[in-house]
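**Student:** Fold the stuff below for me.
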Amino acid sequence: MSALLITLLVIGGITLFLIILFINTYNRLVTLRNRFQNGFSQIEVQLKRRYDLIPNLIETAKGYMAHERETLEAVIQARNQAAGGLQTASTNPGNPQAMQALSGAEQLLTGALGKFFALSEAYPDLKANQNMMQLSEEITSTENKVAFSRQAYNDAVTSYNTYRETFPPIVIAGLVGHGQNAELLNFDSEKIAEAPKVSFT
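**Tutor:** Model prediction:
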């Protein structure tokens with residue numbers, strides 16, 4: 001075997017190895033990105049459900065809390081802002097600006113709902129209203145589902161980011177449209193440590 005043929009075989013082998021490495025890395029990046037995007041879609045489903053429940057909650061409370069109009073309007077405004085943040089984030093899950101905007105909007109909504117539920121305690125007839133009790137329970141249940149979905153999303157984002165930052169993916173990632181880390185979705189742990197709890201005793 002001539003030296004030229006051996007050299008060509010070595011070069012061909014190295015080239016084939018690099019092509020396979022490139023393809024495997026690209027496919028793994030796509031798989032991990034799709035996993036966290038799917039995780040975000042689960043969050044989206046639960047947040048949309050929560051946003052759909054809030055107008056019914058406010059409508060139920062309106063008759064009882066006529067003097068708390070400012071609080072009721074604050075909840076609706078925070079809900080609309082959060083829904084807008086979700087719509088923006090859903091077009092590009094993992095985008096740092098979109099995730100931070102959604103996180104901020106969710107914190108405002110959680111604060112507004114917390115204030116609403118605290119004020120509703122002063123209205124015994126409202127607390128005893130069956131519709132109010134059911135809606136409050138559904139919102140609490142949805143909050144728990146959001147927390148589980150957010151954890152799954154953050155786990156998937158962490159896997160994607162960790163893989164993207166290792167070698168050789170870090171070299172290939174920027175070339176194939178995976179140039180930046182995906183953003184975790186973190187709500188302020190003090191404000192949303194647990195779902196709002198309402199006592200009707």
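**Student:** where are the low-confidence patches of this protein?
**Tutor:** For the chain, residues meeting the criterion pLDDT under 70 lie at 1, 188-201.
**Student:** again, only using 80
**Tutor:** For the chain, applying pLDDT under 80 flags the ranges 1, 66, 127, 187-201.
**Student:** Residue 164 contacts residue 173, correct?
**Tutor:** Yes. Counting by CB atoms under 8 Å, residue 164 does reach residue 173; the two are 5.0 Å apart. Quick note: C-beta positions are derived from backbone N, CA and C, even for glycine.
**Student:** Show me the common contact partners of these two, please.
**Tutor:** Contact criterion CB atoms under 8 Å, 6 or more residues apart in numbering; residues shared by residue 164 and residue 173: residue 29.
**Student:** Report how many residues lie close to residue 169.
**Tutor:** Per other CB atoms under 10 Å, the neighbour tally for residue 169 reads 21.
**Student:** Isn't it up against residue 30?
**Tutor:** No. Judged on CB under 8 Å, residue 169 makes no contact with residue 30 at a distance of 11.5 Å.
**Student:** Enumerate the helices of the chain by residue range, in sequence order.
**Tutor:** 3-62, 69-91, 96-120, 124-128, 130-165, 169-173 (DSSP state H).
**Student:** Name the stretch among these that sits most buried.
**Tutor:** Ranked by mean neighbour count, these are led by helix 96-120 with a mean of 19 (mean count of other CB atoms under 10 Å).
**Student:** Now do the end-to-end distance for stretch 115-133.
**Tutor:** This stretch, stretch 115-133, spans 17 Å end to end (CA to CA, to the nearest Å).
**Student:** tell me how far that stretch is from the chain's mean position?
**Tutor:** Stretch 115-133 sits 29 Å away from the centroid of its parent chain (CA atoms, centre = their mean, to the nearest Å).
**Student:** Kindly report the same for stretch 2-9.
**Tutor:** 55 Å.
**Student:** Please apply the same query to stretch 32-50.
**Tutor:** 6 Å.
**Student:** outside of that stretch, which residues touch it?
**Tutor:** For stretch 32-50, using CB under 8 Å, 6+ apart, the contacting residues are 82-83, 86, 89-90, 93-94, 106, 139, 142-143, 145-146, 149-150, 152-157, 159-160, 163-164, 178, 182, 185.
**Student:** again with stretch 20-29
**Tutor:** By CB under 8 Å, 6+ apart, stretch 20-29 touches 160, 163, 164, 168, 169, 172, 173, 176, 178.
**Student:** Could you report the neighbour count for the last one?
**Tutor:** Read that as residue 178. 21.
**Student:** just checking, residue 179 touches residue 172?
**Tutor:** No. Between residue 179 and residue 172 there is no contact, the gap being 10.7 Å when judged by CB under 8 Å.
**Student:** gap between residue 74 and residue 67?
**Tutor:** Using CB to CB, to the nearest Å, residue 74 is found at 14 Å from residue 67.
**Student:** Hmm, I typed the wrong one, I wanted residue 130.
**Tutor:** 23 Å.
**Student:** What of residue 86?
**Tutor:** 31 Å.
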